[in-house]
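# Got a predicted structure plus its sequence, pasted below:
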Amino acid sequence: NMLKKTKKIQIDIGRMNDEYLYTSMNGNKYYGYKLLKALYFTESNEIKWNTIKQLYPSITLIVIRNTQKIPNKLNGFKFVPSVWIDDVFIANVISFLSSFDTKQIEVMQISVPKNAPKPEYQRKFTAIKYKA
């Protein structure tokens, strides 16, 4: 089974929120994964860690992020806040990680947590009204 051999997954919350993402400049339509959202997330948008483990028992890398399409920009996406990291989230992650053999999960990356402070450079650009 291909899922059982999967080593790396990326959970892109932005792509799971829409059935239809965008049409490229050459007219190709790109679809989201809204139909799969219930498989990966609870009604309250918490990650279903047990499901992840059942689907991907050989997993070694997990990336959690949230991207948003930048209109009229070829291949243009930006990172937006992804998940809220709190005590419950951390406890769930620790429980998930401890359910595997020692050191199976090599990397877990969470891009732009909702409650992360803005980096210093972002605050400076905001202060001078710089737009990237």
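Right, received. Where do you want to start?
# all contacts plus neighbour counts: C-alpha atoms, from now on.
Fine.
# Isn't Ile52 up against Phe41?
No: at 10.0 Å, Ile52 does not count as touching Phe41 under the criterion of C-alpha atoms under 8 Å.
# need the helices for this protein, in chain order.
For the chain, the helices defined by DSSP state H occupy 2-5, 13-16, 37-40, 49-55, 87-98, 120-127.
# Out of these, which is closest to Lys73?
Ranking these by proximity to Lys73 (C-alpha to C-alpha) places helix 13-16 first, at 16.9 Å.
# For the closest one, give me every contacting residue.
21, 32-37, 64-68, 82 (C-alpha atoms under 8 Å, 6 or more residues apart in numbering).
# can you pull the alpha-carbon coordinates of that helix into PDB?
The C-alpha trace of helix 13-16 is given here as PDB (Å, rounded to 0.1, in the frame of the first residue of the first chain):
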ATOM      1  CA  ILE A  13      -4.600  24.000   5.700                       C
ATOM      2  CA  GLY A  14      -5.300  26.600   3.000                       C
ATOM      3  CA  ARG A  15      -5.600  24.000   0.300                       C
ATOM      4  CA  MET A  16      -8.000  22.000   2.400                       C
END
